[in-house]
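Participant: this is a predicted model, with the sequence first.
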Amino acid sequence: MQGLRDRALLDVQGGVQQVREDLSVGFQQIREDLSLDSLVCAGQVGLIKGKKCLDGTRTEILNVMLDWMNSTDPATPPILWLHGQAGRGKSAIAHTIALQAQNLGMLGSCFCFNCTRHHEGLHLKLFTTITHHLADRDLRLWQILAEVITNNYSLRDTADVAEQWQKFIFEPLSQLAGPLSQNVVIVIDALDESGTEATRRDILGILAAQDAQLPANIQIVLTSRPIMDIRETLLPSQHVQARSLDNIEAESVTHDITHYISTTLKKLGAAFSDKDVEHLAEKSNGIFEWARLACEYLRPRFGVEPEVCFREITLHGVGDARTLLDKMYTTFLKDLAQGSPLDKFRSVMRQILWSKEPLSISTLDSMHHKFTREDDHFPVGIILSYMAPFLTGTTDVSTPVRPMHASFYDFLLDKRWSGEFFINKADVHHQLALSSLCVMRDGLRFNICGLETSYVRNSAVADLEMKIEKNIPLHLLYSCRFWATHLHDSTFDTGLVNHVMGFVTGKNILFWMEVLGVCKCIGEADRALTSGWMQVSILYCTS
């Protein structure tokens, strides 16, 4: 009898495994048959585990959010808006709650805005990206969305945010037969970095609208600074639960920052007493970003006395987040500059601040060496190698350079706070437009990817991505995509006109279109060739 029971158990287990394999194959086949690849979505906007809170910190607010996330009470507001001043740790909390939701199988989507990516129009890709993530969770939703796009193909790249919400999220979720299996959490981080008030208006209107009801188990975590347009739209909404990081008890925040500073300094090998750590935590005034910078400043360095550094950063009086961070940035930069001329610093940071997307050191170098001024012909790494406390991508030549915190760029662009470190726009777009034209002049060529034939679609070339990576360097691709954008932002200049006309009347314009075509950026060609600057250039040369 036991043998029969064991045999039956093995048969059941084998049957279950076979069902799982069949379902997996079936799901993959449906995904191939009903592709959502044409849906315009954003990349690199999701959860980053390395950005989560240090273990043992922010437990109070995280427990509140977890209780809200697990609530089955129908009266629980479906949107939780977490707001606070710059440096309060909103993004760290957002990534932590997204990670916890993922571990519980509840994460539907995590979308993080970034102030360095405004040109990408991420606000137009918010709902399409979220719906793609949701469809990955539920085969029924995938089928509904595929049918929606098939019946109305123009929806795949619509810029109408309200239409995206209606057709991709509200209606498909309403059509699902039966409820979702459990609460599904959507995290939207740093909405204030999505662009301007105008680019946020439609998103805020949708989230605040009483008639934009979601299924009871869809929940949205939203983080931002409490800037006026967001505050005035969300606070009156009954279905939005607002939580302020500025109002958390000072004792709780100080405890968390003390733990953070103590742990971080030990990792950095810096020896300070418990009293010193407590003093630093008190000076931080609840600003986690200040605490991070303070720890970096106190990192052991050759020829630097830690006690001197400690006195320097603790002399500042306690102020609001903006004041504290700006004083810390000034202290740090003065220490790095040490009386050296700031021309090279301004040249590199000007390029970084006004490039249309974050670029790696190698790409920045390739563009920088095409600038007209000889003084600009130096490796950008000699500046960026010292900027690790403020920027990511400074130790790897292929990683895009981005700010550790958005407030650093705000500091550099406001002369009232940055003083001698202020970065003005000057003629940077003229330099970048000219640099891009020179890069294309030197880098474009016929059949740049070495394709065997031009009579097949890109999708039919099996190794096209490898060919692109091998033959189209990132500085050339950047130049092809954005030369006209920088041109549009430049003042009229006859020398620049001659470069433009030399490009558009020569053979390189065809090679440029080929690069845009294989890289799925051909839409850039129309915008470039119909720009006002281009029309003025043609009139100037024909007059």
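Facilitator: Received the coordinates, thanks.
Participant: neighbours around residue 115, how many?
Facilitator: 17 (other Cβ atoms under 10 Å). No exception for glycine: its C-beta is placed from N, CA and C like everyone else's.
Participant: can you check the one 3 residues further on too?
Facilitator: Residue 118 has 17 neighbours, counted by other Cβ under 10 Å.
Participant: my guess is it contacts residue 195, does it?
Facilitator: Yes. Counting by Cβ atoms under 8 Å, residue 195 is a contact partner of residue 118 at 5.2 Å.
Participant: please identify the nearest residue in space to the residue sitting nearest the centre point of the chain, excluding sequence neighbours.
Facilitator: For the chain, residue 114 is the residue whose C-alpha lies nearest the centre (Cα atoms, centre = their mean; 3.8 Å). Nearest residue to residue 114 in three dimensions, chain neighbours excluded: residue 193, at 5.9 Å (Cβ to Cβ, 6 or more residues apart in numbering).
Participant: surely that neighbour touches residue 406?
Facilitator: Yes. Counting by Cβ under 8 Å, residue 406 is a contact partner of residue 193 at 5.8 Å.
Participant: find the residues that touch each one of those two.
Facilitator: Taking Cβ atoms under 8 Å, 6 or more residues apart in numbering as the criterion, residue 193 and residue 406 both touch 114, 115.
Participant: using the three-state scheme, assign residue 61.
Facilitator: The three-state assignment at residue 61 reads helix, by DSSP: H, G, I helix; E, B strand; the rest coil.
Participant: ramachandran angles for the residue nearest to the centre of the chain?
Facilitator: Dihedral angles of residue 114 (phi, psi; degrees, to the nearest 10) stand at phi -150, psi 130.
Participant: flag the shaky bits of this protein, pLDDT-wise.
Facilitator: Along the chain, the model assigns pLDDT under 70 to residues 1-38, 177-181, 210-213, 317-320, 339, 533-543.
Participant: circling back: for the residue nearest to residue 114, what are its contacts?
Facilitator: If a contact means Cβ under 8 Å, 6+ apart, then residue 193 has 113, 114, 115, 406 as its contacts.
Participant: and what of residue 97?
Facilitator: 62, 65, 66, 69, 185, 187, 221.
Participant: can you tell me the closest non-neighbouring residue to the second one?
Facilitator: In other words, residue 65. Residue 65 sits nearest to residue 97 (Cβ to Cβ, 6+ apart), 5.3 Å away.
Participant: now name the helix or strand holding that neighbour.
Facilitator: Element membership of residue 97 [criterion: DSSP states H and E] is helix 90-103.
Participant: quick one: buried residues of that helix?
Facilitator: 90-102 (16 or more other Cβ atoms under 10 Å).
Participant: for that helix, the distance to its chain's centre please.
Facilitator: Centroid displacement of helix 90-103 relative to its chain, using Cα atoms, centre = their mean, to the nearest Å, is 16 Å.
Participant: list the pairing partners of whichever helix or strand comes after it within its sheet, with orientation.
Facilitator: Elements were assigned by DSSP H and E; along the chain past helix 90-103, the next helix or strand is strand 107-112. The pairing partners recorded for strand 107-112 under DSSP bridges are strand 184-189 (parallel).
Participant: can you check what angle separates the strand it pairs with from helix 90-103?
Facilitator: Interaxial angle of strand 184-189 relative to helix 90-103 (axes from the mean of the first three to the mean of the last three Cα atoms, to 10 degrees): 160 degrees.
Participant: send the alpha carbons of strand 184-189 over as PDB?
Facilitator: Extracted C-alpha coordinates of strand 184-189, given in PDB (Å, rounded to 0.1, in the frame of the first residue of the first chain):
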ATOM      1  CA  VAL A 184      -0.400  45.000  -6.600                       C
ATOM      2  CA  VAL A 185       1.900  48.000  -5.700                       C
ATOM      3  CA  ILE A 186       3.000  50.600  -8.300                       C
ATOM      4  CA  VAL A 187       5.900  52.800  -7.200                       C
ATOM      5  CA  ILE A 188       6.400  56.200  -8.900                       C
ATOM      6  CA  ASP A 189       9.500  57.900  -7.500                       C
END
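Participant: and the contacts of that strand?
Facilitator: Counting by Cβ under 8 Å, 6+ apart, 47, 69, 90-91, 94-95, 97-98, 101, 106-113, 126, 130, 134, 137, 217-223 sit against strand 184-189.
Participant: for PyMOL, write the selection for the buried entries among those.
Facilitator: Applying 16+ other Cβ under 10 Å to the contacts of strand 184-189, the buried members can be selected in PyMOL as follows:
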select buried, resi 47+69+90+91+94+95+97+98+101+106+107+108+109+110+111+112+113+126+130+134+137+217+218+219+220+221+222+223
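Participant: that older thread, in the buried residues of helix 90-103, find the pair that's most separated.
Facilitator: Of all pairs drawn from these, the widest gap by Cβ to Cβ lies between 90 and 102 and measures 18.6 Å.
Participant: do you know how far residue 132 is from residue 441?
Facilitator: The spacing between residue 132 and residue 441, counted by Cβ to Cβ, to the nearest Å, is 39 Å.
Participant: do the same with residue 307
Facilitator: Residue 307 is 55 Å from residue 441, by Cβ to Cβ.
Participant: ok, those two, which is more surrounded?
Facilitator: residue 441 (15 against 11).
Participant: identify the residue spatially nearest to that one, adjacent ones excluded.
Facilitator: Spatial nearest neighbour of residue 441, excluding adjacent residues (Cβ to Cβ, 6+ apart): residue 508 at 6.5 Å.
Participant: residue contacts, that neighbour?
Facilitator: 440, 441, 444.
Participant: on the three-state scheme, the nearest residue to the first one once chain neighbours are set aside is what?
Facilitator: Right, the one you point to is residue 440. Of all residues not flanking residue 440 in the chain, residue 479 sits nearest, at 5.1 Å (Cβ to Cβ, 6+ apart). What three-state DSSP gives for residue 479 is helix.
Participant: go through the contacts of residue 508 and say which is closest to residue 248.
Facilitator: Nearest member of the contacts of residue 508 to residue 248, counting by Cβ to Cβ, is residue 440, at 52.3 Å.
Participant: and the closest one, what is it in contact with?
Facilitator: Applying Cβ under 8 Å, 6+ apart, we find residue 440 in contact with 476, 479, 480, 483, 503, 508, 512.
Participant: distance check, the residue nearest to residue 65 against residue 51.
Facilitator: Taking Cβ to Cβ, one finds residue 97 at 12 Å from residue 51.
Participant: how about residue 287?
Facilitator: 17 Å.
Participant: which residues of the stretch 101-250 of the chain fall in strands?
Facilitator: Ranges of strands within the stretch 101-250 of the chain are 107-112, 184-189, 218-224, 240-244, based on DSSP state E, counting those that start in this stretch.
Participant: out of these, which is closest to residue 149?
Facilitator: Per Cβ to Cβ, nearest to residue 149 of these: strand 107-112, 18.3 Å.
Participant: put the alpha carbons of the closest one into CSV.
Facilitator: Output of strand 107-112 as CSV, limited to C-alpha atoms (Å, rounded to 0.1, in the frame of the first residue of the first chain):
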residue,chain,number,x,y,z
LEU,A,107,5.4,44.7,-7.1
GLY,A,108,3.5,45.6,-10.2
SER,A,109,5.9,48.3,-11.4
CYS,A,110,8.6,50.7,-10.2
PHE,A,111,9.2,53.9,-12.3
CYS,A,112,11.8,56.4,-11.2
